[in-house]
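S.K.: okay, predicted coordinates and the sequence, questions at the end:
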Amino acid sequence: MIRQAGPQDVDGIAAVFTRSFATLDFLPQLHTPEQHHAFLGGRVLAEQEVWVAESDGRILGFLALDGDLCTFLYVDPDEHGNGVGSALFAEAQHARPDGFRFWVFQQNENARRFYANRGCTVIELTDGSRNEERTPDALYEWRPAGRGSSAR
């Protein structure tokens, strides 16, 4: 089930983020799980549109949108390949039918393949100097068929 997230979901969202982010072993660990929890519960849940995928009361993944920027789409590693990411991505498409953008680390091959399989295109590659991890990333965009890209 996909539903709008609320403040009561911060523990589950932070747990998914911490577990998922830990699989990105090419990234430096700049923040503690407690800092992630505070950020997700404060700025993200308070200022962005957030959805969770859940089953039997357990959060399996989450999505956050800030305008036309998807700021988070994370799935618990135990749920990879079970359709959770696809369901959350479909929610983003429904919420932003004209399209949206999002950043992906260039070394995150699984995520890049996931997005390419859903018709997303890379519109910018960076050297990572603008993200706090200082790790090369890619700006992606999803647009509905026939709408074209708004590349810079």
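M.R.: Yes, it's here. Numbers count the residues shown, from 1 in each chain.
S.K.: from now on I want contacts and neighbour counts done on CA atoms only, so please keep to that.
M.R.: Noted.
S.K.: next secondary structure after the host helix or strand of residue 13?
M.R.: Residue 13 belongs to helix 10-22 when elements are defined using DSSP states H and E. On the C-terminal side of helix 10-22, the closest following helix or strand by DSSP H and E is helix 33-39.
S.K.: remind me which residues of this structure are low pLDDT?
M.R.: 146-152 (pLDDT under 70).
S.K.: what residues sit buried inside the helix holding residue 13?
M.R.: Residues 10, 12, 13, 14, 15, 16, 17, 18, 19, 20, 21 are the ones in helix 10-22 that count as buried (16 or more other C-alpha atoms under 10 Å).
S.K.: now the fifth one: how far from residue 142?
M.R.: Separation of residue 15 from residue 142 (C-alpha to C-alpha, to the nearest Å) stands at 27 Å.
S.K.: and for the second one?
M.R.: The span separating residue 12 from residue 142 equals 27 Å under the rule C-alpha to C-alpha.
S.K.: again with the first one
M.R.: If you measure residue 10 against residue 142 using C-alpha to C-alpha, the figure is 27 Å.
S.K.: mind telling me which residue is nearest the centre of this protein?
M.R.: residue 73 (2.0 Å; C-alpha atoms, centre = their mean).
S.K.: by contact count, what packs against the strand or helix carrying that one?
M.R.: Counting by DSSP H and E, the element that carries residue 73 is strand 69-75. In terms of contacts (3 or more C-alpha pairs under 8 Å, 6 or more residues apart in numbering; DSSP states H and E), strand 69-75 is packed against helix 10-22, strand 58-66, helix 84-95, strand 100-105.
S.K.: what sits up against stretch 109-129?
M.R.: The contact list for stretch 109-129, computed with C-alpha atoms under 8 Å, 6 or more residues apart in numbering, reads 104, 106, 134-143, 151-152.
S.K.: dump those residues into JSON lines; add secondary structure, distance to residue 32 and neighbour count as well.
M.R.: Listed next are these as JSON lines, based on DSSP: H, G, I helix; E, B strand; the rest coil; distance: C-alpha to C-alpha, whole Å; neighbours: other C-alpha atoms under 10 Å:
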{"residue": "104", "secondary structure": "strand", "distance to residue 32": "21", "neighbour count": "19"}
{"residue": "106", "secondary structure": "coil", "distance to residue 32": "23", "neighbour count": "17"}
{"residue": "134", "secondary structure": "coil", "distance to residue 32": "18", "neighbour count": "13"}
{"residue": "135", "secondary structure": "coil", "distance to residue 32": "19", "neighbour count": "17"}
{"residue": "136", "secondary structure": "coil", "distance to residue 32": "22", "neighbour count": "16"}
{"residue": "137", "secondary structure": "strand", "distance to residue 32": "22", "neighbour count": "21"}
{"residue": "138", "secondary structure": "strand", "distance to residue 32": "25", "neighbour count": "21"}
{"residue": "139", "secondary structure": "strand", "distance to residue 32": "26", "neighbour count": "17"}
{"residue": "140", "secondary structure": "strand", "distance to residue 32": "27", "neighbour count": "22"}
{"residue": "141", "secondary structure": "strand", "distance to residue 32": "30", "neighbour count": "23"}
{"residue": "142", "secondary structure": "strand", "distance to residue 32": "31", "neighbour count": "25"}
{"residue": "143", "secondary structure": "coil", "distance to residue 32": "35", "neighbour count": "19"}
{"residue": "151", "secondary structure": "coil", "distance to residue 32": "35", "neighbour count": "11"}
{"residue": "152", "secondary structure": "coil", "distance to residue 32": "35", "neighbour count": "5"}
